[in-house]
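1. Coordinates for the following, if possible.
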Amino acid sequence: QCGPPFIDLKAGDEAFTQVILALAQRAAGGEGRRIAISMTQVAVSWLHTFLPMLDMGSPPEELRRAGNEHRQFIPVNAYRTRDAYVYVAIGSDAQWGRLVREPMFRSLDQERFATNEGRRRDKGELHRSIERITREHTFSEVEKTLRTAAIPHSPITPIEEVMDLPSVRASALRTIAPDGTVVRLPPPAVSTPYLEQIDGCLPFAPAYGEHTEPVLAEVGVAASEIAALKAEGVVA
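-> Sure thing, here's the model as predicted:
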């Protein structure tokens with residue numbers, strides 16, 4: 001049942017919490033409550049960092065899409081190495097100081113880059129300078145340096161290698177195309193007894209109209225009526 005009180009959630013309210021409270025209320029008294037959520041307000045609420053910056057002197061172009069960069073902390077970005085890409089995240093001047101003490105990056109130990117504001121001012125040049133260095137080394141070499149300097153970093157896995165990650169390969173689903181091709185599918189968010197029963201191999205998607213007749217017959221439509229519907233082009 002759905003009963004009072006009616007809750008009209010505004011941006012910033014804890015929608016998840018309200019859902020849990022409604023479920024608890026239903027369990028206790030047999031009645032839940034209606035929750036209305038504005039999807040526009042939810043979406044705009046995620047801009048809580050950027051919208052105020054418009055009135056605090058930040059030009060609009062500074063707040064647009066930034067790709068792999070961080071708008072404020074520099075350098076945070078993806079850089080090409082000799083054989084892969086590495087994602088590096090430096091969020092403080094102390095981290096930057098540790099990085100440029102390493103021989104690989106010592107050429108960047110410049111006064112203008114000592115503070116985040118200085119790095120942000122010349123971020124385009126800095127990103128290019130970092131990649132000129134990383135491109136001369138393998139991912140393994142760059143990773144070793146970053147690990148020594150205690151800099152947060154991560155490999156970037158190409159799409160063609162994602163399914164071969166051990167954690168993904170162990171739980172990935174699959175299906176078999178009509179021509180016998182095994183098609184790998186992403187793992188489920190949560191496994192189910194059904195998925196375990198079929199060993200993670202899902203039936204291949206049916207062709208257009210393949211199940212029209214059995215589905216209509218299951219709900220009681222006579223064969224003659226199905227034939228008429230198909231002849232008129234109502235169903236495939």
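
2. Not counting its own residues, what contacts the helix or strand encompassing Ser167?
-> Ser167 belongs to helix 166-169 when assigned by DSSP states H and E. Here helix 166-169 makes contact (CB atoms under 8 Å, 6 or more residues apart in numbering) with 162-163, 186-187. Backbone N, C-alpha and C define where each C-beta goes, glycine included.

3. Now neighbour count, secondary structure and distance to His153 too, for those, in JSON lines please.
-> Output for the contacts of helix 166-169, formatted as JSON lines (neighbours: other CB atoms under 10 Å; DSSP: H, G, I helix; E, B strand; the rest coil; distance: CB to CB, whole Å):
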{"residue": "Val162", "neighbour count": "13", "secondary structure": "helix", "distance to His153": "19"}
{"residue": "Met163", "neighbour count": "15", "secondary structure": "coil", "distance to His153": "23"}
{"residue": "Pro186", "neighbour count": "11", "secondary structure": "coil", "distance to His153": "25"}
{"residue": "Pro187", "neighbour count": "16", "secondary structure": "coil", "distance to His153": "25"}
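
4. rewinding a little: run the chain-centre distance for the helix holding Ser167.
-> In this view, helix 166-169 has its centroid 17 Å away from the chain centroid, taken as CA atoms, centre = their mean, to the nearest Å.

5. Which is the succeeding secondary structure element to that helix?
-> For helix 166-169, the following helix or strand on the C-terminal side (DSSP H and E) is strand 173-176.

6. Can you list the strands that that next one pairs with?
-> strand 182-185 (antiparallel), strand 201-202 (parallel) (DSSP bridges).

7. Pick the most deeply packed of those strands.
-> Ranked by mean neighbour count under mean count of other CB atoms under 10 Å, these are led by strand 201-202, which reaches a mean of 14.

8. and the helix or strand that comes right after that one, what other elements does it pack with?
-> Once strand 201-202 ends, the next helix or strand along the chain (criterion: DSSP H and E) is helix 212-218. Here helix 212-218 touches helix 223-231, going by 3 or more CB pairs under 8 Å, 6 or more residues apart in numbering; DSSP states H and E.
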